[in-house]
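1. This is a predicted model, with the sequence first.
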Amino acid sequence: MAHGSQEIEIKLAVADAAAGRKLLRDGGFRVSRARVFEANTVFDTDDLTLRNTGRLLRIREAGRIVTLTYKGVALPGRHKQREEVESEIPDAAAMALIFERLGYKPVFRYEKYRTEFRERGAGGGTAMLDETPIGVFLELEGAPRWIDRTARRLGFAEAAYVTASYGRLYFEWCQASGETPGHMVFRG
C-alpha cells in the first residue's frame, strides 16, 4: 500500500549511540521498533537529474522489509519538509532492474542501524536513533511544534538542527576528513 505525506524532520548529532539512547529514555521515550540494519540505494540518471533538483528515489532494505521511496524538493525553513511517497515492495532486485530499464541507476549507497522510539501515551512524532559510518544522529519526525518542543526537552537549541540528507552529510564529512567520496557504508 502506497502512501504519500509531508515529511517534516530534523537531525541532531549526538556523541554516540549510548548517549542517544540515554537522552531518549530520560526524555520519556521507549523503543517502538527494535534496532535494525538498513541498506539504502539511491537511484538517479547519468546526469543526476534527481539530485540536481533536490529529489530522491530510493530502495531501502531494513531487515525483511523493502521500501520504495520518492522524496520531493524540500521547502525552505528550519525543519526539513518535503513530499514523501513510500510503498513496501516484495523484491528489491526486481525494482532495481525496472529502474535501470527506465534509465535510473544506483548512484549512492548508505547504511545505518536505526532504532525507533515513541513517547509513552503521547501521539506526537517519532524519534529515531541512527548509527551511521559518519556518526550518530537523533532524527525527530513530526509536527514542527512537536519537533521544537522535543528538541528543547532533550537539551538541543535550534542552532543544533541539521536538515541535510545523509548523502550531503557524508560528502561534507569526506571533504572535512580528506576521504575520497564513495558510498557511506560500514567498513570491515
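-> Looks like it came in fine. Numbers count the residues shown, from 1 in each chain.

2. all contacts plus neighbour counts: C-alpha atoms, from now on.
-> Fine.

3. Check the gap between residue 57 and residue 79 for me.
-> 21 Å (Cα to Cα, to the nearest Å).

4. ok, now residue 109?
-> Remark: distance between residue 109 and residue 79 (Cα to Cα) = 24 Å.

5. The two: who's more crowded?
-> With neighbours defined as other Cα atoms under 10 Å, residue 109 and residue 79 compare such that residue 79 has more, 24 against 18.

6. Just list the residues touching that one, thanks.
-> Taking Cα atoms under 8 Å, 6 or more residues apart in numbering as the definition of contact, the neighbours of residue 79 are 8, 9, 10, 144, 161, 163.

7. low-scoring stretches of the chain, by residue?
-> Counting by pLDDT under 70, the chain contains low-confidence ranges at 1-4, 122.

8. If we use 90, what do you get?
-> Judged by pLDDT under 90, the chain has its weakly predicted residues at 1-4, 120-124, 188.

9. how about the helices in it?
-> 17-26, 49-52, 92-101, 144-153, 166-177 (DSSP state H).

10. can you tell which of the ones you listed is closest to residue 138?
-> Distances from residue 138 to each of the helices of the chain were compared by Cα to Cα, and the smallest falls on helix 17-26, at 6.8 Å.

11. Which neighbouring elements make contact with the closest one?
-> Contacts of helix 17-26 with other secondary structure elements, assessed using 3 or more Cα pairs under 8 Å, 6 or more residues apart in numbering; DSSP states H and E, are made with strand 126-132, strand 135-141.

12. Same list, these, but as a markdown table with mean neighbour count please.
-> As requested, the helices and strands packed on helix 17-26 are arranged in a markdown table below (neighbours: other Cα atoms under 10 Å):
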| stretch | mean neighbour count |
| --- | --- |
| strand 126-132 | 24 |
| strand 135-141 | 22 |
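
13. Go through those and name the closest to residue 69.
-> Each of those was scored for nearness to residue 69 using Cα to Cα, and the closest is strand 135-141 (16.1 Å).

14. now that closest one, how far from the centre of its chain.
-> The gap between where strand 135-141 is centred and where its chain is centred comes out at 8 Å by Cα atoms, centre = their mean, to the nearest Å.

15. for stretch 156-168, same thing?
-> Mean-position distance between stretch 156-168 and its chain equals 11 Å (Cα atoms, centre = their mean).
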